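> Next comes the sequence, and after it the predicted model I'd like to discuss.
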Amino acid sequence: MNSIQENATLDRLVEAFNPATVDGLMCRNLVSVDWTGRLYDCDFNQMLELGVAPELPQTIADFDPKKFARRRIMTGSHCFGCTAGAGSSCGGAVATA
C-alpha cells in the first residue's frame with residue numbers, strides 16, 4: 001500500500017469514528033502480553049511495539065490490577081480501525097445499531 005492509499009484509508013476510518021464503540025474496546029478491559037512478558041494495551045499496540053504507559057509496570061511479573069484499573073491507554077492513528085462503524089474487537093462488533 002502506498003502513502004496515498006494509506007492516507008485515504010485513514011481518512012475513511014476517521015470519518016467513520018463512532019464514539020459508541022469506545023466503552024467496548026479491548027484496551028478498556030484487557031491487556032496483551034508478549035512472549036517475554038511485556039505488557040501492551042492491545043494486540044495492535046503489541047505488533048507496533050507500543051508498550052503500556054511508562055508510569056505503569058511494564059511486565060506481567062510486575063502487573064498490579066489497581067494501577068491498571070484507571071490507566072492511560074497508549075493510542076495512535078491505528079486506533080481508528082477499532083472505533084469505525086460498529087467497532088472491532090476479537091469478539092466482533094462492539095456497538096449495536
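Arrived safely, thanks for sending. Numbers count the residues shown, from 1 in each chain.

> Low-confidence stretches in this protein?
Counting by pLDDT under 70, the low-confidence segments of the chain come to 1-2, 5, 88-97.

> Other residues contacting the helix ranked longest in it?
Secondary structure of the chain per DSSP state H: the longest helix is helix 3-15. Contact partners of helix 3-15, identified using CB atoms under 8 Å, 6 or more residues apart in numbering, comprise Met1, Ser77, Phe80, Gly81, Thr83, Ala84. In short, each C-beta sits where N, CA and C put it, glycine included.

> Next, the buried residues of that helix.
Leu13 (16 or more other CB atoms under 10 Å).

> Name the next helix or strand downstream of it, please.
Per DSSP states H and E, the first helix or strand lying C-terminal to helix 3-15 is helix 26-29.

> Quick one: buried ones out of the contacts of helix 3-15?
For these, burial is judged from neighbour counts taken by 16+ other CB under 10 Å, and it is met by Phe80, Thr83, Ala84.

> related to what we said a few turns ago, roughly how far is the longest helix of the chain from the heart of the chain?
Centroid separation for helix 3-15 versus its chain: 18 Å, with CA atoms, centre = their mean, to the nearest Å.

> rewinding a little: let's see which of the buried ones among the contacts of helix 3-15 end up in strands.
Of the positions in these, not one sits in strands, assigned by DSSP state E.

> JSON lines for these, including distance to Asn29?
What follows is the buried ones among the contacts of helix 3-15, written out as JSON lines (distance: CB to CB, whole Å):
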{"residue": "Phe80", "distance to Asn29": "20"}
{"residue": "Thr83", "distance to Asn29": "15"}
{"residue": "Ala84", "distance to Asn29": "20"}
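
> what's the burial count for Asp23?
Using other CB atoms under 10 Å as the criterion, Asp23 is surrounded by 11 other residues.

> Next, count neighbours for Val31.
18.

> Spit out the contact partners of the nearest residue to it once chain neighbours are set aside.
Among residues not flanking Val31 along the chain, Leu39 sits closest, at 5.2 Å (CB to CB, 6 or more residues apart in numbering). The contact partners of Leu39, taken as CB under 8 Å, 6+ apart, are Val31, Ser32, Val33, Gly51, Val52, Leu56, Pro57, Gln58, Thr59, Ile60, Phe63.
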